[in-house]
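Participant: What shape does this take:
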Amino acid sequence: MSNTIPPSAPAVAVSPPPVPEMRKDRFRAVGLLVKKQGMTDDEFYRYWHMVHGPLFAGMEISKKNLLKYEQHHYTTAFDEAFKAVGFDLVPYRGLAIFEAESYEKLLEVFGSEEYKRVIVPDEAKFLDRPKTGFFIGPIVDYIDRTLIVSMAKHEPLLV
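Facilitator: Modelled structure (predicted):
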C-alpha cells in the first residue's frame, strides 16, 4: 500500500504560516512565584493581590518604566487533568509578568533603591524568595488577538 494521495482527492498546497519576528518594542520579565511556607493558597493570593500588587504598581519607578504589570494566579482545579496527561505539578503558585520597552527599563525597576527599600521586605511576608524563579527575555507573538478585541470595544473596525 502506498502513501500517495488518492486520485479523487484534490491536491491542496499547504504552506506553513510565517515565523514571527521577536518583538523589538517590548521585553518581558516573568517571576515564577513560590509561596512562603505555612501560608495557604488563599492567604498567598489575597496578600499578593490586595497588598503587594498595589504596593509594587504604586512605586514611582514602576509607573515610570513599566508598560504592564500582571498577576497570574494558579488554580488547582485542573491538577488532576494535567497529571492524567503526563504533566508534573509545579511548586509555583503564580506568575508575575512585567513588560517594558527595554531590558534596561526592566532592570532599572528591580535594581532601584525604591524596589530594595519597599518591595524586597514586603516579598518576605508572602514569598519563598530563594525558590522563586525569575527570567527576562524578548517576546514572540504567534497569536495575539488582543489588539483587535481591544480596538473593537472602543471603536468599529474598518474591514
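Participant: Wait, Ile60 touches Glu113, no?
Facilitator: To be clear, residue 60 is Glu; Ile isn't right here. No. Glu60 is not in contact with Glu113 according to C-beta atoms under 8 Å; the separation is 10.9 Å. Every C-beta, even on glycine, is put in place using the N, C-alpha and C of the backbone.
Participant: how close does the spatially most central residue of the chain get to Asp88?
Facilitator: Compute the mean C-alpha point of the chain, and by C-alpha atoms, centre = their mean the closest residue is Ile97, 4.3 Å away. Distance of Ile97 to Asp88, given as C-beta to C-beta, to the nearest Å: 22 Å.
Participant: where does the protein have low pLDDT?
Facilitator: For the chain, applying pLDDT under 70 flags the ranges 1-12, 147-159.
Participant: Strands along that one, start to end?
Facilitator: With strands called from DSSP state E, the chain shows them at 27-33, 68-73, 94-100, 133-138.
Participant: one step back: please verify my assumption that the residue nearest to the centre of the chain contacts Leu32.
Facilitator: No. With contact defined as C-beta under 8 Å, Ile97 does not count as touching Leu32 (10.6 Å).
Participant: Compare the strands of the chain and give me the one nearest Val118.
Facilitator: Among those, the nearest to Val118 by C-beta to C-beta is strand 68-73 (14.2 Å).
Participant: The closest one: which residues count as buried?
Facilitator: Tyr69, Gln71 (16 or more other C-beta atoms under 10 Å).
Participant: what's the angle between that strand and strand 94-100?
Facilitator: 170 degrees (axes from the mean of the first three to the mean of the last three C-alpha atoms, to 10 degrees).
Participant: For strand 68-73, output the C-alpha coordinates as CSV.
Facilitator: What follows is strand 68-73, C-alpha atoms only, in CSV (Å, rounded to 0.1, in the frame of the first residue of the first chain):
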residue,chain,number,x,y,z
LYS,A,68,2.4,46.3,32.1
TYR,A,69,2.4,44.6,35.5
GLU,A,70,0.1,41.5,35.6
GLN,A,71,-0.5,38.7,38.1
HIS,A,72,-1.5,35.2,37.0
HIS,A,73,-2.9,33.3,39.9
